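**Student:** just the structure for this:
(chains A and B)
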Amino acid sequence: MSNQYSNRSGIVKIIFLVVGIIFVGRLSMLQIFDKEYKEKAKNQSLRNITQYPARGLMYDRNGQLLVYNEAVYDLMVIPRMVKNLDTNYFCQSLGITREDFEERMHKAYVYSPYSASIFMKQISKEEFGRWENILYKFKGFYISKRTLRLYSKPIAAHVLGYVGEVNEHDIETKPYYKRGDYIGKSGLEASYENQLRGVKGQKIMQVDVHNREIGSYMHGQFDTMAVEGMNLYTTLDADLQEYAEKMMANKRGCIVAIEPSTGEVLTLLSAPCYDPNMLVGRIRGKNFVKLNEDISKPLFNRALQAQYPPGSIFKVAQAMIALQLGVITPNTGFVCDKVLGCHNHPSARSVAEAIKMSCNPYFYYTYRRVIQQGKYKNIYKDSRYGLTVWREYMLRFGFGQRLDIDLPNVKAGNIPDTSFYNKWYGKDGWAFRTIYSNSIGQGEVEVVPLQMANLAAIVANRGYYYTPHLVRYYGPDSTRNPIYYEKHETGINKSYFDIAARGMYDVVHGAGGTAHKAAVPGISVCGKTGTAENYGNDHSVFIAFAPMDNPKIAVAVYVENAQGGGGTWAAPIAGLIIEKYIKGEVERKDVEEYYMNINPCQKLPLTKRVKKPQKR
Amino acid sequence: MPTEKIRFDWITVALYLFLVLFGWLNIYAACYDESHAAILDFSCQHGKQLIWMGVAFLMALCVMLIKPRIFSNISYIIYGSVIVLLILTLFIGTVTNGGQSWIDFGAFKLQPSEFAKFATALALAKYVGDINTDLKQRQTQLVLSAMVLIPSLLILLQHDTGSALVFTAFLLAFFREGLSPYILIIGATAIILFIAALLINKFILIGILFVLALGYLFLWLSKRSAKDYWHIAIIFAACCLFTLSVDFAFQHVLESHQRDRIYVLLGKIEDPKGVGYNVDQAKIAIGSGGLVGKGFLNGTITKADFVPEQETDFIFCTVGEEWGFVGGLIVVAAYVLLLIRLIFLAERQRSTFARFYGYSVASILFFHFFINIGMVLGLVPVIGIPLPFFSYGGSSLIAFTLLLFIFIRQDADRNALF
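**Tutor:** I've put the predicted structure just below:
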């Protein structure tokens, strides 16, 4: 009997074995093939605590602090961890509505139920202090300390730029950034983002089922230290910038001031200006919309992005190129025969006089000699040759190309080349007569104000420039960017620039000059007026440098839609800027007050040109 | 006999020791935190378990020294006392985790249901092994059924469904002694129908059954008699009736948490925060272990107490997380080896008592192994029974040790004459 059913022992053993094999199979599925559980385990038992480094500070050229940080607190939430929340109490203590709460929670949940996202941004130190003590009651919520960008003076918004939360595009293209991180959006904040931001650190903590930290993960071997952001030592002169912004407060236009010997930008503004603190923290969104919708376009950085026909200031460069090409001599004279419209003045007997009087016919004839040099019988072929040579020199002045300034979104302007005209008129369809408007800075040429200030710097240097830039050096090692120490030569004889400087001196100081209002007592100011045609009233333009020998400052001033030409508005403002910078204080208080309070700009929206004035 | 050298089966003993010691390591890991790192910290489970291990080893030693016939002789007394204890528990038992299964002795708590298993095994073996017992007699079958059902029902009254279900394990032992395989087949069919009825529409299921019945009749059977028609018709009708009654049984016999556990297993409800939490966390802990695990004491899920009951019923999670697939494989293999070894040992017994007892030991251990690890892996519904030798718990460790070593003692003495 005992062995009657003994063959059944095999069946029993097989049952045991089969169950064992099923278990091993299931184990291999869970542990080797399925990655889902590993991910889940990480998410729920580890908390990555990002250590945000302090963003670098910015100083002006004299060591004045321009940009600094202040601590704020972000309220973070891990939706899955939120349990037994007294929602009413929570909303009450945070000062939000129930709907607001639901919406924020929903957003966080959609992002990820397991990982932290920002529930409420940038809670001030005071606000945080009030409910720091009750925070423990709200499971799943914790505080993450962040820093907020603040600006010690309400100036230089266009230069300094602003920081904002990264957008989807940033997150996709730059793996360094995580949702909720901040990134420089414009200005120096954007162009020096990599230096300013530092490097985020990471601490991995193990948390238990109650979301309490129970120690570091793997003894901190995967933790990284945050590296502080580097400080920027800018070339800005905060006092001059502030003064210039005050001057332009009620106007539209822009000012760029450069130290010619180094290319360091002293002042760069686009009016209307705004307080950079407007784009900080929770008020940012609202203010951004306001600024963005403003008809006077305060967010548009005119100094780098507004491409105007340069007008008469262009004549300085034209004269230099003609002299270097040998098509005129310093003493070449042309009769002011009104081949182009001109104002009443004696005919210019030299290049210096032509610049002083801004004689349009003079530069018409000069440009004709540049474009049609007589190298070829065929005037079309001759013009193509002339334009190519001319353009090459113009590029050496920094025109027609993006100046490599350390700010984003700088425009190139336009110096037309042969293909440009070939496209318009056909290969043998254009000659000097077609393009003569370029001679006086009209027509197809376009420049940005920065390039005009650079032109003033080139004349101040008598023939070369350093690329305008806004940061001298950064970081603990005082790192400098070598491209700002490269001298760019125009390849034009220095003595010709002496003639240009002479002419520009006479513009301000000589009899019959067009910009006597730029004169500053005790300082030899060299300048050139201009009028930039456009829809609405012409822009009033003036470039200048001072003193004539050993110049300290080169400046370009644009006043938009201001009746009366460059000498009337831009010139006196440039004079005040020069006086402020060189003397430290403006002594002509009445002049200062007059130009500060007056607003010569045509009211917006622009309707039509009031009157076409003569170019000077 | 005293002169004859006692030969224990060292393979079984070694497997036992491995499981107990490895189990303790995992209990230590599950309870471990920096403030309770001392091995002899008796305020922690791992410290207490050391005491239980000491007691269990002592018991094992005693069992080895006792003449094996004594167990056979006093088996009814043991069975009777345990029944008394179970009844007592119903009146003076303390309630823990919803089950009234413990008798509080102050210093320690005794769980009589753990001892009921080996007591019942002993008593059944004694009865089956009796020379006068004829398993084919209806009366014998009734007596045996009663011997299994009485402790099982008493335990069910304590709301310890898991431990009550363990008694179905004896079916396997009876199977070896001649129990009709149809009972096992009917049981398996019932389980399959039960699950299928919960998963799919009952009328579709009946349709499938109908097609199967017709298929069996006309495609499988070459010669069909009227008797075949009747059999198939009756089986079909029974299956249909069972299917239709599943809903009622499910809703009215089972308690709501049991329903939820079955639903979670079947994927009908996904509630990783609520009723599905345990299983979900168990899977996360095991799944995160990978091939070789995170290393001893390095389990992040384990350390952070994400899995409730981790040192008792869910101890296998710790193995999975800290020792990985390799560790899990070794433990599963150890159990399968132990079980197969027990069957091998049982088959070489000369007495029906020892053989039946051996099969009972293997069946009980198998049931625990199957339900416990299956539950942790999400293959069977959550039924709270411990993993033998592995889980934390004094009563279960001592009871399983007694269960196993009584058999080892029998085996060592298998050549003695009766």
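**Student:** every contact and neighbour count from this point should use C-alpha atoms.
**Tutor:** OK.
**Student:** what's the local residue count around residue 248?
**Tutor:** You didn't pick a chain, so chain A it is. When neighbours are defined as other C-alpha atoms under 10 Å in any protein chain shown, A:Met248 has 25 of them.
**Student:** not what I meant, chain B
**Tutor:** For B:Phe248, the count of nearby residues is 11 (other C-alpha under 10 Å).
**Student:** for the record, mean pLDDT for whichever strand or helix holds it?
**Tutor:** Element membership for B:Phe248 (DSSP states H and E) is helix B:226-252. If you average the pLDDT over helix B:226-252, you get 85.
**Student:** the following helix or strand past it vs chain A: in contact?
**Tutor:** Downstream of helix B:226-252, the next assigned helix or strand under DSSP H and E is helix B:256-266. No - Helix B:256-266 stays clear of chain A (C-alpha under 8 Å from any C-alpha of the partner chain), getting no nearer than 14.3 Å.
**Student:** name the residues that touch helix B:256-266?
**Tutor:** Contacts of helix B:256-266 with the rest of the structure, by C-alpha atoms under 8 Å, 6 or more residues apart in numbering or on different chains, involve B:199, B:250-251, B:269-271, B:275-276, B:378-382.
**Student:** mind listing which of these are in helices?
**Tutor:** Among the contacts of helix B:256-266, the members falling in helices (DSSP state H) are B:199, B:250-251.
**Student:** any low-confidence regions in the chain?
**Tutor:** Using chain A. A:1-3, A:210-212, A:607-616 (pLDDT under 70).
**Student:** try again with chain B
**Tutor:** B:1-6, B:34-36, B:97-98, B:271-274, B:416-418.
**Student:** quick one, domains of it?
**Tutor:** Domain assignment for chain B by automatic domain parsing gives B:10-179+B:263-412, B:188-253.
**Student:** deepest-packed of those, please.
**Tutor:** Mean neighbour count (mean count of other C-alpha atoms under 10 Å in any protein chain shown) peaks for domain B:10-179+B:263-412 among these, with a mean of 21.
**Student:** so which residue of the stretch 301-450 of chain A comes closest to chain B?
**Tutor:** With C-alpha to the nearest C-alpha, the shortest gap between the stretch 301-450 of chain A and chain B falls at A:Pro408, namely 46.7 Å.
**Student:** point out the residues in the stretch 201-350 of chain A that sit beside chain B.
**Tutor:** Contact residues, the stretch 201-350 of chain A versus chain B (C-alpha under 8 Å from any C-alpha): A:206-209, A:214, A:218.
**Student:** count of neighbours near the residue lying closest to A:Lys580 once chain neighbours are set aside?
**Tutor:** Setting aside the residues directly before and after it, A:Lys580 is nearest to A:Val586 in space (C-alpha to C-alpha, 6 or more residues apart in numbering or on different chains), at 5.1 Å. By other C-alpha under 10 Å, 18 other residues sit near A:Val586.
**Student:** in which helix or strand would I find A:Val586?
**Tutor:** With DSSP H and E as criterion, A:Val586 is part of no helix or strand.
**Student:** how about the ones in helices among the contacts of helix B:256-266 in CSV, adding distance to chain A?
**Tutor:** Formatted as CSV, the ones in helices among the contacts of helix B:256-266 follow (distance: C-alpha to the nearest C-alpha, whole Å):
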residue, distance to chain A
B:Leu199, 21
B:Phe250, 26
B:Gln251, 30
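**Student:** next, name the residue at the spatial heart of the chain.
**Tutor:** Looking at chain A here, since you left the chain open. For chain A, A:Gly187 is the residue whose C-alpha lies nearest the centre (C-alpha atoms, centre = their mean; 3.4 Å).
**Student:** my bad, the chain I had in mind was chain B
**Tutor:** For chain B, the residue nearest the mean C-alpha position is B:His368 (2.5 Å; C-alpha atoms, centre = their mean).
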